[in-house]
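Asks: Attaching a predicted model along with its sequence, questions to come.
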Amino acid sequence: MINQIIIEALNNYAGMFQKHGKACPKTGKETLWISELLGGARLSDIKYNHDLLVAKASSKSGLCVACKGSKFLCGKTRCPIIVRVNQLVKALPLIKGEDLDGASPPSVFVGRIGYPYVYAGPMVPPVHVDTSLYDTPELWFGKPIDEIVGFRSMLIRGKHRVHVQKFEESGKIVEKTRELALAVRPVDVELTFKKKPRGFVFVDDYVQPFGPSAPIRRLRVGSVRWDSHVEKAFEDTDLKAANAVLELYEKGVFVTRIQRAFSVGAFGLKNKRRFVPTRWSITAVDSIISKALIEKIKGFPEIGEYRVYESRYLDNQFEVLMVPSAWSYEAMEAWYPGTVWNPKGKSVVMYSDWEGYNGRTTYAEIGGCYYAARLAVCEQLVKEQRQAAVIVLRETRPGYIMPVGVWQVRENVRNAVKQKPLTFSTLREALNHVATQLQIPLQHWIARSTLLRNMLYQKRISDYIQTST
């Protein structure tokens, strides 16, 4: 039985890639590249039809059509379409019709499109093994991108429409989804979909990798053991959501577990609980925790030397600079052409956001990465009971071929500050070292930075006192 993969390009190119050796009906040319680049996979041996896997390339310039995953015209070191499809074709044959059963890590997903009416539901792989790793980013650092995309592609997403403030009226599916979100270990789940799950590969560099999805008809959840700390916060309807987040963090609950419970409205005053889109819940929890840690940091003495911490993972180079000073913070990112947030650029693009001693009142333009990195550096300063001005520099190179989530920023910076820092007696010496680790010239970072410019060029009262004495 002939099988098909649909590849659509937004530049009005659309072709059906048929069985190996057949020609594209639109161009008349043979389209063998997809199967050749799938690591030898024979598409005719994979039991799915053309409605089950769609890949979209958002290249208006037509680069994806001209490249076909082999010339790397976008500047990436590997084709994200091929990486994603290669993993999806392994997951699709495991889906048998409209019924699915497996061990959820546990994992749930709350979308944001259409807010306040959003799609929420469980994420379930079609396997019965220990899947706890599949949704525990704290354990992912150091793993290759193919492995991460691999187990993320195994998570089949069930979708059920719900109003974020009226989830109590949304029936058993939403109730069971919430139960699952509070679980402490993998849970056996049975799903019946309204139609067979469909896999999408959107190569627009904004969507994190996940498996096929479909609307839910029925949901059955096996025996669930809740995290006792999370359960206590859930049952306390007089405890504000922010306080619940902080109490759980202090008790050692993983940040991602707190984020999952936060997203299904498990915390807060009884009449104010609501579902929160997963993307928003991640940033909200990072922000709540780091803001509380900053208040502690302000009461500690300043560090006594200039420090540089370093980490590199998934072709992201992180340089964390700590300066003896009162608390302030800046996050800077530089994206090469062809990388996630600079897919069509011809030159490096740089972003930055900062806050002074009194914090900030607006959302950081960099987004969730700003708060994820802030959390990681605050954890280290609280651990040492020290205060500093902190600048996080992130250089993202072409090897970072697709987004895997802001967790990699948090874990990269956590990894950096776990290492013994390089120490220097002056800011210039510290910056000279940083310059040797980054490919973009230091003057570009300084020109973009608010804190570095102030430190280098703005005189302080203490400078005059030292001169007079």
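Replies: Perfect, thanks for sending it.

Asks: sec struct for the spatially closest residue to residue 172 that is not a sequence neighbour, please.
Replies: The shortest distance from residue 172 to any residue other than its chain neighbours is 7.1 Å, reached at residue 219 (C-beta to C-beta, 6 or more residues apart in numbering). C-betas here are computed from N, CA, C, even on glycine. Of the three states, residue 219 takes strand according to DSSP: H, G, I helix; E, B strand; the rest coil.

Asks: Contact partners for residue 219?
Replies: By C-beta atoms under 8 Å, 6 or more residues apart in numbering, residue 219 lies in contact with 121, 122, 158, 160, 172, 173, 176, 177, 189, 190, 191, 192.

Asks: okay, now the fifth one: neighbour count?
Replies: This points to residue 172. Neighbourhood size, residue 172 [other C-beta atoms under 10 Å]: 12.

Asks: now the fourth one
Replies: Residues near residue 160, counting by other C-beta under 10 Å, number 21.

Asks: Check the offset of the host helix or strand of it from the chain's centre.
Replies: Using DSSP states H and E, residue 160 sits within strand 156-163. How far strand 156-163 lies from its chain's middle: 20 Å, per C-alpha atoms, centre = their mean, to the nearest Å.

Asks: Please spell out which residues along that strand are buried.
Replies: 156, 157, 158, 159, 160, 161, 162, 163 (16 or more other C-beta atoms under 10 Å).

Asks: low-confidence ranges in this protein?
Replies: 1-76, 200-209, 338-341, 343-346, 459-469 (pLDDT under 70).

Asks: how does it divide into domains?
Replies: Under the assignment automatic domain parsing, the domains of the chain span 5-94, 99-225, 229-292, 297-467.

Asks: one step back: helix or strand right after the strand holding residue 160?
Replies: Downstream of strand 156-163, the first helix or strand assigned by DSSP H and E is helix 172-181.

Asks: Quick one: residues in contact with that next one.
Replies: Residues contacting helix 172-181 (C-beta under 8 Å, 6+ apart): 104, 106-108, 120-122, 160, 162, 167, 187, 189, 216, 218-221, 224, 260-261, 263-266.

Asks: Just the ones in helices from those, please.
Replies: Residues of those located in helices (DSSP state H): 260, 261, 263.

Asks: which one among the residues you listed gets closest to residue 93?
Replies: Checking these against residue 93 by C-beta to C-beta gives residue 260 as the nearest, at 28.6 Å.

Asks: Spit out the contact partners of the closest one.
Replies: Residue 260 neighbours (C-beta under 8 Å, 6+ apart): 106, 107, 108, 135, 181, 281.

Asks: For ChimeraX, what selects the buried ones among those?
Replies: Only the buried entries of those go into this ChimeraX selection, using 16+ other C-beta under 10 Å:
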select :106,107,108,135,181,281
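
Asks: can you list the contacts of residue 260 in CSV and add distance to residue 82?
Replies: As requested, those are exported to CSV (distance: C-beta to C-beta, whole Å):
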residue, distance to residue 82
106, 30
107, 25
108, 29
135, 25
181, 33
281, 31
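
Asks: if we take the buried residues of strand 156-163, which one ends up nearest to residue 100?
Replies: residue 156 (5.9 Å).

Asks: what is that closest one paired to in the beta sheet?
Replies: Assessed by DSSP bridges, residue 156 has beta-bridge partners residue 124.

Asks: Tell me if I'm right that it and residue 216 touch.
Replies: No - if you go by C-beta atoms under 8 Å, residue 156 and residue 216 don't touch, sitting 10.7 Å apart.

Asks: what number of residues lie near residue 164?
Replies: 18.

Asks: quick one: it and residue 245, what's the gap?
Replies: With distances taken as C-beta to C-beta, to the nearest Å, residue 164 is found 18 Å from residue 245.

Asks: Let me know the secondary structure of the nearest residue to residue 88 once chain neighbours are set aside.
Replies: Spatial nearest neighbour of residue 88, excluding adjacent residues (C-beta to C-beta, 6+ apart): residue 199 at 4.6 Å. Classification of residue 199 by three-state DSSP places it in strand.

Asks: In ChimeraX, how would I select just the buried ones from the contacts of helix 172-181?
Replies: To isolate the buried subset of these in ChimeraX, counting by 16+ other C-beta under 10 Å, use the following:
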select :104,106,107,108,120,121,122,160,162,167,187,189,216,219,221,224,260,261,263,264,265,266
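
Asks: any idea how far the residue minimising distance to the centre of the chain lies from residue 337?
Replies: The centroid of the chain falls nearest to residue 405 when counting by C-alpha atoms, centre = their mean (1.0 Å). For residue 405, the distance to residue 337 (C-beta to C-beta) stands at 22 Å.

Asks: a helix runs through residue 364, doesn't it?
Replies: No - Residue 364 sits outside any helix when classified using three-state DSSP, being coil.

Asks: need the contact list for it.
Replies: Going by C-beta under 8 Å, 6+ apart, residue 364 touches 331, 353, 370, 371.

Asks: Next: residue 104.
Replies: Contacts of residue 104 (C-beta under 8 Å, 6+ apart): 122, 123, 124, 125, 131, 180, 183, 186, 187, 188, 189.

Asks: Make sure the last one is actually in contact with residue 101.
Replies: Right, residue 189. Yes - between residue 189 and residue 101 there is a contact under C-beta under 8 Å: 6.8 Å.

Asks: shared neighbours of those two, which are they?
Replies: residue 124.

Asks: Redo the contacts of residue 104 as a markdown table? Include distance to residue 387.
Replies: Putting those into a markdown table (distance: C-beta to C-beta, whole Å) gives the following:
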| residue | distance to residue 387 |
| --- | --- |
| 122 | 43 |
| 123 | 40 |
| 124 | 45 |
| 125 | 44 |
| 131 | 41 |
| 180 | 41 |
| 183 | 39 |
| 186 | 41 |
| 187 | 43 |
| 188 | 48 |
| 189 | 46 |
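
Asks: So how do I select the buried members of those in ChimeraX?
Replies: Listed next is the ChimeraX selection for buried residues among the contacts of residue 104, using 16+ other C-beta under 10 Å:
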select :122,123,124,125,131,180,183,186,187,189
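
Asks: Of the contacts of residue 104, which is the nearest to residue 86?
Replies: For these, the nearest to residue 86 is residue 125 (17.1 Å; C-beta to C-beta).

Asks: how much space between the closest one and residue 90?
Replies: Residue 125 is 11 Å from residue 90, by C-beta to C-beta.
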